[in-house]
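Q: Next come a sequence and a model predicted from it.
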Number of protein chains: 2
Amino acid sequence: MKNYFSSDFKLGVLGGGQLGKMLLTETHKFDIYTAILDGAADAPCAQICNEFHQGNLLDFDTVYNFGKKVDLLTIEIEHVNIDALLKLEQEGLEVYPQPSVLQSIQHKGKQKDFFVKNNIPTSPHKRFSSLNELKKEGLKFPFVWKSAQFGYDGTGVKIVKNQDDLNVLADTDCIVEDLIPFKNELAVIVARNKSGEIRTYPVVEMEFHPEANQVEYVVCPARISNEVAEKATNVALKVAASFKHIGLLAVELFQTEDDKILVNEVAPRTHNSGHYSIEASYTNQFEQHVRSILNLPLGSTASKVAGIMVNLVGAEGFSGDVIYENMEKILNMDGVTPHIYGKKQTRPFRKMGHVTIVNNNLDEARKIAENVKNTIRVVSY
Amino acid sequence: MKNYFSSDFKLGVLGGGQLGKMLLTETHKFDIYTAILDGAADAPCAQICNEFHQGNLLDFDTVYNFGKKVDLLTIEIEHVNIDALLKLEQEGLEVYPQPSVLQSIQHKGKQKDFFVKNNIPTSPHKRFSSLNELKKEGLKFPFVWKSAQFGYDGTGVKIVKNQDDLNVLADTDCIVEDLIPFKNELAVIVARNKSGEIRTYPVVEMEFHPEANQVEYVVCPARISNEVAEKATNVALKVAASFKHIGLLAVELFQTEDDKILVNEVAPRTHNSGHYSIEASYTNQFEQHVRSILNLPLGSTASKVAGIMVNLVGAEGFSGDVIYENMEKILNMDGVTPHIYGKKQTRPFRKMGHVTIVNNNLDEARKIAENVKNTIRVVSY
């Protein structure tokens, strides 16, 4: 084993947002020296990493030159210059997840092709290089449209119900998928290190608001049968076996009306669906990421207690210096931990933080989570 | 409630060692801006706080000037200039724990007098202002000698068995206590906020090495009867009620052979005996400290799982650049989390980090803890 702890070893991270910030908690815990590259001078990581570099993650030279300064390179966001990563890898730098894995995932068309090629169950799809090409195809409504690249947190995904909806789509490289009616949206995080050791976290469930059709809660463990959980875990393991990724792979899944499991999409990194693990798991996803990319033994993915995660997003109608209204009320509830990402300005729907609710009893946690959701508001003066 | 989160509010901390570093994890989580003062440029907090100031914690002007730059001031070490804190408090700054509490605790003679005055059970003691004065007293051996000030981690405490032992004592302000044969050394951490809300953590047990007479494990919960645990908690609560401290108060206790509870000493801050709480408790001691000094509601002090803490100290015979030998082996054990404080140089017995072992089953945790202790070594090349 290399000497990573309180040593000269330098871990490079592309991206300094909230995922990077939560990763820093773990690198601080292990005293691993961390250099971070991000485009924004006020990125959540900027003040609290060992070394911060400001620069464009999509620029070849910026990423390449940053990579030359570190001993191992990882990412907290997949929208980075992959050509630079390929060159760094070729020159001997360890880059995890591997640039080839990022390449297959970053572009949603390639990602879907990868699933098909590897017999991974997923909804049928078609690729188009422009809106015009798509329009000529005369597709049957409704369908799901996804921008091939740079979608994030639901941007770049639309359900197209009619001709009018077609006209508001961006003219870009895209994919179109069948709209699958599903019972549940699930996710499984798979950790894999260089030695090939693999661990899966419990299946989690995205609970949607019945009217708004938005994810309200991430619930761990998912309230599904053992049989479905096993099926979901096996599909996630099949995805991991196909990618042979090093690091974490978050696999988003649909449980269809007839209990089939389909892969929706994957993210080659720590993931919103794993935030509950900070409070609930023996090894949280951020520590697990560090362990896997450094080829350390993976930790237990079991849960100490049930966990529910609620995202803190900017309330509609408020833009400006952020205020977390009623924070003291949620701190008064049992097993409630807010995580504030450190973005000074709120905007409608901006992801500003999250709250984890842990409890021995999942139903009790779910009640408290609803109370949290109905109490705290992200606003501005 | 003031707006502490992602705001202009500035929390000042005197001391930038490992306790400060673990506190920073919590201020980062809440995005509370933190300025730290420490004498060492390479203090564990230096690179990862928002604002680092280097300066002498015992110097009036340094502490006073630092205090003028922050909105609320706390400590992670009690050896600080209290006159400066008193002046800052007088000028309207909130300082927690209160300077008056620090004053009663910093000096072990005053601390013992305080216990006596407040009818807090403690071993009989005498105060001396010099070694000569002590020698004249003709005390009966054996007895416990404690330097009145600046003792830390066992330094400044000696068991004096005979005339020869007397001659190696420092010539300083000191106290002498009866040597109490005890069954167990216990500790209770009490959190109290400005509103007077009080929470106690479970009683923990210091397990000693049978021969070396050194604490090997901090075990939570302590393996004692409910009756003794209740008695210990009540004594700790009585201490807290007497001090009316704001922040945390770690109360170290003896359980005597006949199950009496005596207060050994107190620390007005987060404490080594509470490190297990990071992994085991619903609210860890560092988050609780933040909550209490900011007058936020206190969090649950209950445990999710059993926790055992092992200190990582420099092995004898090694001085220089630190290496954590067999780290990968302990990471392969169940529920094991190392915390590396970030001191680059090891020395014999220097406190370099700690390891927490959590498990649903305390006996199982204890076995793994022993395995951890026998496996990892803090050495240098």
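A: Received the coordinates, thanks.
Q: Quickly list what A:Gly307 is bridged to.
A: Using DSSP bridges, the beta-bridge partners of A:Gly307 come out as A:Cys220, A:Val358.
Q: Surely it is in contact with A:Ile368?
A: No: between A:Gly307 and A:Ile368 there is no contact under Cβ atoms under 8 Å: 11.4 Å. To be clear about C-beta, it is placed using only N, CA and C from the backbone, and glycine gets the same treatment.
Q: between the two, what contacts are shared?
A: By the contact definition Cβ atoms under 8 Å, 6 or more residues apart in numbering or on different chains, A:Gly307 and A:Ile368 are jointly contacted by A:Ile357.
Q: list the contacts for the spatially most central residue of chain A?
A: For chain A, the residue nearest the mean C-alpha position is A:His271 (2.8 Å; Cα atoms, centre = their mean). By Cβ under 8 Å, 6+ apart, the contact list for A:His271 reads A:Ala187, A:Ile189, A:Leu248, A:Ala250, A:Gln285.
Q: So which of the residues you listed belong to strands?
A: A:Ala187, A:Ile189, A:Leu248, A:Ala250 (DSSP state E).
Q: ranking the residues you listed by neighbours, who comes first?
A: Among the ones in strands among the contacts of A:His271, the one with the most neighbours (other Cβ atoms under 10 Å in any protein chain shown) is A:Ile189, at 28 neighbours.
Q: shouldn't it be in contact with A:Ala250?
A: Yes: assessed by Cβ under 8 Å, A:Ile189 is found in contact with A:Ala250 at 5.0 Å.
Q: Find residues that contact each of these two.
A: A:His271, A:Ser273, A:Gly274.
Q: Show the end-to-end separation of stretch A:254-273, please.
A: This stretch, stretch A:254-273, spans 14 Å end to end (Cα to Cα, to the nearest Å).
Q: Does stretch A:190-200 reach chain B?
A: No: on the criterion Cβ under 8 Å from any Cβ of the partner chain, stretch A:190-200 is out of touch with chain B, staying 9.7 Å away.
Q: Can I take it that A:Ala365 is in a helix?
A: Yes: assessed by DSSP: H, G, I helix; E, B strand; the rest coil, A:Ala365 belongs to a helix.
Q: right, is stretch A:344-354 up against chain B?
A: Yes: Stretch A:344-354 reaches chain B (Cβ under 8 Å from any Cβ) through A:Lys344.
Q: how about that stretch as PDB, C-alpha atoms only?
A: What follows is stretch A:344-354, C-alpha atoms only, in PDB (Å, rounded to 0.1, in the frame of the first residue of the first chain):
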ATOM      1  CA  LYS A 344     -24.300  32.000  -0.800                       C
ATOM      2  CA  GLN A 345     -27.000  32.800  -3.400                       C
ATOM      3  CA  THR A 346     -30.300  31.000  -3.700                       C
ATOM      4  CA  ARG A 347     -32.300  30.700  -6.900                       C
ATOM      5  CA  PRO A 348     -35.600  28.800  -7.500                       C
ATOM      6  CA  PHE A 349     -34.900  25.100  -7.500                       C
ATOM      7  CA  ARG A 350     -31.100  25.500  -7.000                       C
ATOM      8  CA  LYS A 351     -29.800  22.600  -5.000                       C
ATOM      9  CA  MET A 352     -28.500  24.300  -1.800                       C
ATOM     10  CA  GLY A 353     -28.200  21.400   0.600                       C
ATOM     11  CA  HIS A 354     -29.900  18.300   1.900                       C
END
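Q: any idea of the mean pLDDT for that stretch?
A: If you average the pLDDT over stretch A:344-354, you get 95.
Q: Not counting its own residues, what contacts that stretch?
A: So stretch A:344-354 is contacted by A:18, A:42, A:153, A:272, A:275, A:309-324, A:338-341, A:343, A:378-380, B:6 (Cβ under 8 Å, 6+ apart).
Q: Now the two most distant members of the ones in strands among the contacts of A:His271.
A: Farthest pair in these (Cβ to Cβ) is A:Ala187 and A:Leu248. Separation: 11.6 Å.
Q: what sits in contact with each of the two?
A: Counting by Cβ under 8 Å, 6+ apart, the residues touching both A:Ala187 and A:Leu248 are A:His271, A:Gly274.
Q: if we can go back for a sec, okay, the shared contacts of A:Ile189 and A:Ala250 in TSV with pLDDT next?
A: Below are the shared contacts of A:Ile189 and A:Ala250 laid out as TSV (pLDDT from 0 to 100):
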residue	pLDDT
A:His271	97
A:Ser273	97
A:Gly274	98
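Q: quick one, strands of the stretch 51-200 of chain A?
A: A:51-54, A:72-75, A:94-95, A:125-128, A:143-147, A:157-160, A:174-178, A:182-192, A:198-200 (DSSP state E, counting those that start in this stretch).
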